[in-house]
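Engineer: Prediction below, plus the sequence it came from.
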Amino acid sequence: MARPYWSGTIQISLVSFAVKFFVATEAKSQIRFHQISRSTGERVRHQKVLASSLEENDGGGEEETQASATVGKDDIVKGYEYTKGQYVMIEPSEIANLRVPSKHAISIEQFVDESEIDPAYFEKPYFVAPDGDAQAEAFAVVREAMGKAGKVGIGKIAFAGREHVVAIMASKDDEGRGLMAYTMRYQEELRNPNEYFASIPKVEIEEDQLELAQQLIKKKTAKFDPKRYKDGYEIALKELVDAKVHNEPIPVDEPAPKRAKVVNLMDALRSSLAGKSDSEDETDAPPPGTKKTAAKTETKKSSKKSTVTEMPRRDHVAPERKKASASVKPAKSAPKHKSA
């Protein structure tokens with residue numbers, strides 16, 4: 001199990017129990033880029049230097065001066081500019097000792113219905129578990145009571161350099177053993193929707209149009225399955241990287257299909273209801289990435305007899321390599337070899 005992100009207590013009036021917070025999300029991207037010099041192919045690194053050294057050298061100083069101006073991590077503290085060019089320095093230990101009660105305990109200030117909270121306020125999810133077997137009883141009783149009542153506890157928690165509003169509710173996992181916590185945005189952090197919605201014209205809705213729209217929504221209604229959704233951008237990015245690594249034609253974006261002209265909204269609604277359902281379309285359509293992958297497989301077959309020499313790492317970004325890649329046609333136009 002991962003290390004807890006935060007440990008403390010949840011307090012509801014005179015009832016309290018110790019808990020541990022675990023981050024509920026993780027980055028799943030397989031493609032990670034570095035910054036590379038276009039001209040040399042070398043990796044670019046960043047250093048923290050004194051601002052005065054950049055001013056003296058006007059952005060082009062000698063290497064010795066630059067090295068002497070480099071600042072180590074342990075020598076960096078936070079500074080608040082209280083007047084132009086004047087800073088008050090704040091040590092990490094001073095921040096760690098700030099007097100904020102919610103650093104150690106979440107005091108539930110109120111309970112609300114789940115439906116009362118606008119999803120726009122939710123920020124980041126955390127798994128909440130009891131901190132030790134001795135805390136399990138109080139934890140379980142409170143979780144069960146909140147779940148049966150459909151209530152969310154609202155309190156505050158301090159970590160990561162600020163105090164957050166936090167919503168705590170019963171987990172909806174299959175076992176139903178845990179709690180979920182969501183850090184929330186403050187009211188002033190959300191922009192005023194009227195600035196964006198006020199200019200939308202008021203439209204008189206016809207009853208028959210509304211009825212057809214409701215039928216369309218009912219037709220497309222299904223149980224939410226998060227496994228159904230994949231990151232198409234990540235898939236396309238991996239195809240691009242693989243093509244460049246193996247010196248193959250680069251997949252390109254295909255133009256969007258032209259939509260048939262629709263006379264009016266009623267025609268669009270009727271056509272949508274009369275057409276194939278999404279599930280039928282998905283059965284016929286290949287999964288994400290299949291089309292381009294097939295094109296790449298076809299290209300591999302056509303060039304099976306040729307010998308490919310793996311290019312040095314640096315050549316992948318050198319100007320000559322880039323020029324060669326740019327001249328290659330898209331995969332879909334690659335010639336097909338007739339079978340013997």
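Structural biologist: Yep, that arrived.

Engineer: Please, where are all the helices along the stretch 1-150 of the chain?
Structural biologist: Assigned by DSSP state H, counting those that start in this stretch, the stretch 1-150 of the chain shows helices spanning 51-57, 63-68, 92-96, 136-149.

Engineer: Please apply the same query to the stretch 151-300 of the chain.
Structural biologist: For the stretch 151-300 of the chain, the helices defined by DSSP H, counting those that start in this stretch occupy 194-197, 207-219, 232-245, 265-274, 278-284, 290-302.

Engineer: Kindly export the third one (C-alpha atoms) in CSV.
Structural biologist: The reference is to helix 232-245. Extracted C-alpha coordinates of helix 232-245, given in CSV (Å, rounded to 0.1, in the frame of the first residue of the first chain):
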residue,chain,number,x,y,z
GLY,A,232,-7.4,8.9,-27.8
TYR,A,233,-4.8,11.6,-27.7
GLU,A,234,-2.4,9.3,-25.8
ILE,A,235,-3.0,6.6,-28.4
ALA,A,236,-2.3,8.9,-31.3
LEU,A,237,0.8,10.3,-29.6
LYS,A,238,2.2,6.8,-29.1
GLU,A,239,1.6,6.0,-32.8
LEU,A,240,3.5,9.1,-33.8
VAL,A,241,6.5,8.2,-31.5
ASP,A,242,6.5,4.6,-32.7
ALA,A,243,6.5,5.7,-36.3
LYS,A,244,9.4,8.1,-35.9
VAL,A,245,11.4,5.5,-33.8
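
Engineer: quick one, domains of the protein?
Structural biologist: Domain assignment of the chain by automatic domain parsing yields the ranges 8-27+98-187, 212-221+231-279+293-333.

Engineer: Kindly provide the whole-number mean pLDDT of the longest one.
Structural biologist: So that's domain 8-27+98-187. The average pLDDT for domain 8-27+98-187 rounds to 95.

Engineer: do the shortest one as well
Structural biologist: Domain 212-221+231-279+293-333 shows a mean pLDDT of 67 in the predicted model.

Engineer: ok, now stretch 36-50?
Structural biologist: Averaging pLDDT along stretch 36-50 yields 91.

Engineer: in that stretch, what counts as buried?
Structural biologist: Neighbour-count burial for stretch 36-50 flags 41, 49 (criterion: 16 or more other C-beta atoms under 10 Å). For glycine as for every other residue, the C-beta is placed from the backbone atoms N, C-alpha and C.

Engineer: Then stretch 197-213?
Structural biologist: Using 16+ other C-beta under 10 Å as the burial criterion, the residues of stretch 197-213 that qualify are 212, 213.

Engineer: what comes into contact with it?
Structural biologist: Contacts with stretch 197-213, where a contact means C-beta atoms under 8 Å, 6 or more residues apart in numbering, come from 265, 266, 269, 270, 273.

Engineer: Give the PyMOL command for selecting the buried subset of these.
Structural biologist: Buried members of the contacts of stretch 197-213, defined by 16+ other C-beta under 10 Å, are picked up in PyMOL with:
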select buried, resi 269
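
Engineer: what's the most distant pair in the contacts of stretch 197-213?
Structural biologist: Maximum pairwise distance in the contacts of stretch 197-213, criterion C-beta to C-beta, is 12.7 Å, between 265 and 273.

Engineer: Residues touching stretch 254-268, excluding its own?
Structural biologist: Outside stretch 254-268, the residues that touch it by C-beta under 8 Å, 6+ apart are 208, 209, 212, 271, 332.

Engineer: Pick the one among the residues you listed closest to residue 3.
Structural biologist: Nearest to residue 3 out of the contacts of stretch 254-268 is residue 332 (C-beta to C-beta; 48.2 Å).

Engineer: Stretch 21-36: how far from the chain's middle?
Structural biologist: Averaging C-alpha positions (C-alpha atoms, centre = their mean, to the nearest Å) puts stretch 21-36 9 Å from its chain's average.

Engineer: List the buried residues in it.
Structural biologist: By 16+ other C-beta under 10 Å, the buried positions in stretch 21-36 come out as 21, 22.
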